[in-house]
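# what follows is a predicted structure for the sequence shown.
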Amino acid sequence: MLLQTAAMAAGSQQYPAGALYVVATPIGNLADLTLRAIHVLALADAVACEDTRMTQRLLQHLGLDKRLMAVHEHNENEAAQSVVQALQGGQRLVYVSDAGTPGVSDPGARLVRAVRAAGLRVVPLPGASAPVTLVSAAGDVQAQGFTFVGFLPPKGAARREALLGLRQLPGAVVLFESPYRIAELAHDLAGIDPERLVTVGRELTKQFEEINTLPAQALPAWVGEPNRQRGEFALVWHAVSAQGDVGDAELPGPVSEVLNVLAEHLPLKEAARLLSDATGQPRNRLYDHALARRQTRQREAD
């Protein structure tokens, strides 16, 4: 019945032979597989996939039996040639990753490049995507777009260096993390920018899905609660407030006055550091205020 429904809904479109169909699969909830994806899987001569065991379970759920070709991060360049040969022979091939949209964080980009280099067609079938799913629930009104990063370096020093670089980006930043390192990432985010909002999603689309938005300084405690360090995590590191929106009223009067004096005689970062040490105000907040004031004065002078 499901295959028939998919064919009725999607069958009127042409699905040429000799093309690679890049198909998004569910990130957790099997009901998120589109009817068009089901129809193309039914039409496929073979399915190239990141993990044959995962894909076999998906196909069994649909009542399909297909030849599988393993194409993953360790063999993608070599396996791509087998895919190209099959396409040149006039077959329809589907590529799927374990979950979500191939080529975003999962393998697939090298395969697509090889197919295009051979002058063959690539047909994308959109569907589930963890970054877009979480961004849609983050409510980040400051963001003008977002940067998808995925997994950061696993080692602490390299991860913190990467975060410091990403902190300067104007929009939101979307990260992935495993349950084994989510506590370390939470502490890094809290230390780098404690007041910046983070939306954390755990087990997206699954039965025990959790989505919460909170200041980074509260993230370690949230992650540390019982049973929280399970499943896969996606995080939206919200965009910082536009510097033009930073008002003096947000700082206590005496702190604002001292900041004005220090900023006239010291580099802004040094002024923010000294005042943060003296008052306990977040260094990043003080720097943003001082920078906004300087830019306002420059605009007025122009």
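Structure's in. What do you need?
# and the contacts of stretch 94-113?
20-28, 40-41, 44, 46-51, 54-55, 58, 71-73, 76-77, 79-80, 83, 122, 126-131, 148, 150-151, 176 (C-beta atoms under 8 Å, 6 or more residues apart in numbering). Using the backbone N, CA and C atoms, a C-beta is placed for each residue, glycine as well.
# please flag which of those residues sit within strands.
Per DSSP state E, strands hold the following members of these: 20-23, 46-49, 122, 148, 150-151, 176.
# which of these are buried? Put it as a PyMOL command.
Those of these that count as buried under 16 or more other C-beta atoms under 10 Å are selected in PyMOL with:
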select buried, resi 20+21+22+23+46+47+48+49+122+148+176
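# and of the ones in strands among the contacts of stretch 94-113, the nearest to residue 296?
Closest approach to residue 296 among the ones in strands among the contacts of stretch 94-113 (C-beta to C-beta): residue 148, at 32.7 Å.
# pull the contacting residues for that closest one.
104, 105, 131, 174 are the contacts of residue 148 under C-beta under 8 Å, 6+ apart.
# so it versus residue 133, what's the distance?
As defined by C-beta to C-beta, to the nearest Å, residue 148 lies at a distance of 12 Å from residue 133.
# now the contacts of residue 148 in CSV, with secondary structure and neighbour count?
Shown next, in CSV, are those (DSSP: H, G, I helix; E, B strand; the rest coil; neighbours: other C-beta atoms under 10 Å):
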residue, secondary structure, neighbour count
104, coil, 16
105, coil, 20
131, helix, 23
174, strand, 23
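# for the lengthiest helix in the chain, what is the distance to the chain centroid?
In the chain, taking DSSP state H as the definition, the longest helix is helix 283-301. Here helix 283-301 is found 31 Å from its chain centre; the criterion is C-alpha atoms, centre = their mean, to the nearest Å.
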